[in-house]
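1. got a structure for you, letters missing:
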């Protein structure tokens with residue numbers, strides 16, 4: 001009999017503990033069934049991330065009784081690049097005057113793309129062209145009308161000018177900078193970037209399309225980007241219409257408390273420079289705001305029209321050891337949750353290098369709220385009057401007793 005009561009107590013305790021582990025979470029996703037036990041990868045879609053904090057402290061994997069299953073959070077951004085990304089190139093300056101600067105570059109490998117010129121700090125801008133040749137006599141166009149617009153470096157006396165162009169395998173590359181009767185750049189070095197297709201690629205997940213509202217006023221353009229939900233993002237990709245050649249400062253803001261406006265967009269996150277020859281992809285800290293603002297400084301130039309704004313994030317996923325013969329859920333959306341302390345976080349170096357088994361999930365579903373239905377209050381005023389009367393009687397009793405004690409003390413003092 002005693003053993004039976006102990007079992008009932010333990011069962012109730014475990015039930016209460018499991019309920020406590022799932023309390024406070026507002027959304028859940030059902031995981032696909034598991035036929036073989038092992039480590040699985042669970043991708044976090046934009047819809048899931050819209051209900052999760054950016055530190056992923058409020059997402060859990062739970063089994064059918066609500067018990068937490070240890071997991072680690074991983075990202076494709078943590079992929080290590082073992083190959084050297086850039087190398088110095090042999091180059092010769094064959095012309096350098098107020099008309100033009102001509103560099104003859106000899107690639108270090110069989111192919112070349114995405115070079116950088118290291119120059120002494122300057123705020124000047126120039127246009128340049130690139131040509132390729134195998135014999136130094138017959139030259140063929142690679143790219144033209146590239147705007148070189150360096151940003152002064154606050155920590156060193158050097159700046160870099162990156163020139164992006166398609167991968168080429170010419171034996172020689174010629175860079176011609178047009179100085180337009182102005183002093184030339186002071187070029188110090190030339191670096192070759194490893195072609196993108198030979199480097200491990202981080203998988204970047206695109207969020208659903210955003211809505212754009214733009215207002216041009218004076219020398220500024222104000223752009224509001226609406227994501228429709230708090231999707232995670234640390235990349236912003238823009239498409240523009242307007243002048244062919246441009247060099248503009250752009251700032252990214254996120255709303256703070258209150259109602260944000262174009263004139264009061266909130267907190268400044270980061271500043272960038274966008275120009276004709278960059279990719280118009282900007283990296284920011286990981287955010288999950290549904291609304292953000294861009295402020296573009298046009299100065300005395302015609303405004304640029306932002307025709308498309310796409311947010312994206314580095315592919316992020318959970319890795320966990322899942323047993324077969326059980327059902328599992330992701331639960332999320334607990335604003336008071338803190339990061340769990342799993343052993344798996346400290347031993348993840350022994351996990352398989354490539355977890356190729358994936359578990360799919362349903363779309364997030366809101367937990368049903370338990371709404372307390374108030375019972376009809378009866379007109380029981382007599383209970384209130386009875387309580388008041390009882391309180392008065394008790395008060396009179398203790399008052400009378402206290403007075404008796406005072407009188408007794410007075411008589412003792414007089415003797």
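-> Right, received. Where do you want to start? Model, not experiment: these values are computed from the prediction.
2. Span of stretch 323-331 from start to end?
-> With C-alpha to C-alpha, to the nearest Å as the measure, the ends of stretch 323-331 fall 18 Å from one another.
3. buried ones in it?
-> Residues of stretch 323-331 classed as buried under the neighbour-count rule (16 or more other C-beta atoms under 10 Å) are 328-331. (Glycine included, C-beta is placed from N, CA and C.)
4. can you check stretch 32-42 too?
-> Residues of stretch 32-42 classed as buried: 34, 39-40, 42 (neighbour count, 16+ other C-beta under 10 Å).
5. And for stretch 232-240?
-> So stretch 232-240, judged by 16+ other C-beta under 10 Å, has buried residues 232-238, 240.
6. which among those residues gets closest to residue 318?
-> Ranked by distance to residue 318 (C-beta to C-beta), the buried residues of stretch 232-240 are led by residue 232 at 14.0 Å.
7. Need the nearest residue in space to the closest one, chain neighbours excluded.
-> residue 49 (4.1 Å; C-beta to C-beta, 6 or more residues apart in numbering).
8. Please apply the same query to residue 189.
-> Spatial nearest neighbour of residue 189, excluding adjacent residues (C-beta to C-beta, 6+ apart): residue 118 at 4.0 Å.
9. Just give the closest residue to residue 61, not the sequence neighbours.
-> Nearest residue to residue 61 in three dimensions, chain neighbours excluded: residue 69, at 4.1 Å (C-beta to C-beta, 6+ apart).
10. Please read the previous query as pertaining to residue 213.
-> Closest to residue 213 by C-beta to C-beta, 6+ apart is residue 224, at 4.3 Å.
11. and if you look at residue 145?
-> Nearest non-adjacent residue to residue 145, counting by C-beta to C-beta, 6+ apart: residue 127, 5.8 Å away.
12. so which strand or helix has the one you found?
-> Assigned by DSSP states H and E, residue 127 belongs to strand 126-133.
13. Low-confidence stretches in the stretch 101-250 of the chain?
-> For the stretch 101-250 of the chain, the stretches with pLDDT under 70 are 108-110, 151-155, 193-202.
14. Which parts of it are strands?
-> Taking DSSP state E, counting those that start in this stretch as the test, the strands found in the stretch 101-250 of the chain are 115-120, 126-133, 140-148, 158-163, 172-178, 187-193, 204-206, 211-217, 220-226, 233-241, 247-254.
15. need these in TSV with distance to residue 391, can you?
-> Formatted as TSV, those follow (distance: least, C-beta to C-beta, whole Å):
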stretch	distance to residue 391
strand 115-120	85
strand 126-133	91
strand 140-148	85
strand 158-163	82
strand 172-178	94
strand 187-193	84
strand 204-206	66
strand 211-217	63
strand 220-226	59
strand 233-241	62
strand 247-254	56
